[in-house]
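# Give the three-dimensional model of this entry:
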Amino acid sequence: MGSMASQRETLIVEALMMMVMVALGGYVSQAQAAYSLRGLGRAHATYYGGPDGQGTMGGACGYGNLYNTGYGLSTAALSAPLYNGGRACGACYRLTCDTSGSKYCYGGGKSITITVTNFCPSGSTGGWCNPPKQHFDLSYPMFTTLAQAAGGVIPVNYRRVACNKKGGMRFTISGNPYFYQVLVFNVGGAGDVQRLFMKGPRTGWIAMKRNWGQVWQYRGGPKGLVGQPLSFRAHTSDGRYVISPNATPANWRFGQTFEGKNFPRNLF
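Residues are numbered from 1 along each chain as shown. Got it, this is the predicted structure:
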């Protein structure tokens with residue numbers, strides 16, 4: 001009896017908190033920990049795909065058509081040390097070409113800001129993505145913003161930066177009542193979702209498991225989330241999280257995409 005009463009009290013508290021968040025339009029936490037990778041790093045960059053981006057769509061982060069998910073061609077595939085098993089998916093970096101290391105770099109302090117959308121596996125790009133090398137395999141338009149294509153491989157300086165995205169975080173729900181998958185994209189702030197939770201009005205927060213990239217899964221069943229509005233809580237690597245209350249209507253369907261709250265611009 002005691003445990004049932006405690007569970008009811010927890011659900012009541014969560015329901016009250018959710019009512020407050022709905023009234024406020026969502027919630028963004030303050031940073032809980034300093035992020036450790038904001039310093040300047042050195043790496044090399046190559047390019048893949050053509051001038052129109054052909055060959056860069058899809059990728060190991062699960063974003064599919066990068067135009068449809070808002071990333072376009074401002075993207076990169078990272079070597080294993082930076083990709084970190086998919087945990088870097090959605091992170092943003094600012095790159096400059098090191099003019100002291102290549103005659104192909106354009107001068108004038110040109111820089112690009114990219115989002116991580118793919119993985120550059122060992123053995124590709126002539127071995128430049130082999131661990132422990134830190135490497136960015138850029139789309140052709142991004143590479144040629146920094147240097148002449150003839151350079152092939154260029155030294156770059158990089159830094160983690162805030163991801164400034166338009167609109168809210170997006171959630172694409174797929175699967176079935178017994179196996180939910182949620183692709184989360186268009187994430188601002190640190191950009192790289194490290195933990196994702198969802199809940200209905202009759203449940204507590206349910207922790208989802210990373211399936212691959214930014215595709216998260218939950219084996220459903222008796223909790224019966226179909227037929228009720230869903231809320232999401234996304235945590236990023238800088239210790240912040242954002243809650244999107246009732247991001248879906250009660251009559252949501254698998255295969256649909258919904259827009260939630262996002263981190264404020266320049267927050268990282």
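
# and the closest residue to A162 other than its chain neighbours, what pLDDT?
Of all residues not flanking A162 in the chain, F268 sits nearest, at 3.6 Å (C-beta to C-beta, 6 or more residues apart in numbering). (C-beta placed from N, C-alpha, C; glycine too.) Looking at F268, its pLDDT stands at 71.

# From Y63, how far off is F268?
20 Å (C-beta to C-beta, to the nearest Å).

# Same question for G189.
Counting by C-beta to C-beta, the gap from G189 to Y63 is 17 Å.

# helix, strand or coil for the most centrally placed residue in the chain?
In the chain, the residue lying closest to the centroid (C-alpha atoms, centre = their mean) is G90, at 2.8 Å. For G90, the assignment made with DSSP: H, G, I helix; E, B strand; the rest coil gives coil.

# give me every residue that touches it.
Each residue near G90 by C-beta atoms under 8 Å, 6 or more residues apart in numbering is listed here: C61, T115, V116, C163, V184, F185, V187, G191, D192, V193, Q214.

# try N176
Counting by C-beta under 8 Å, 6+ apart, N176 has contacts G220, F254.

# show me where pLDDT drops low in the protein?
Scanning the chain for pLDDT under 70 picks out the ranges 1-38, 222-223.

# what domains does the record give for it?
The record's domain split for the chain, according to automatic domain parsing, is 21-32+165-259, 41-161.

# right, and T56 touches G64 too?
No: T56 is not in contact with G64 according to C-beta atoms under 8 Å; the separation is 11.9 Å.

# In terms of packing, which of those two has more residues around it?
Applying other C-beta atoms under 10 Å to T56 and G64 shows that T56 carries more neighbours, namely 26 against 16.

# For burial, what's the neighbour tally of the closest residue to the more buried one other than its chain neighbours?
Nearest non-adjacent residue to T56, counting by C-beta to C-beta, 6+ apart: G49, 4.0 Å away. Neighbour count for G49, taken as other C-beta under 10 Å: 20.
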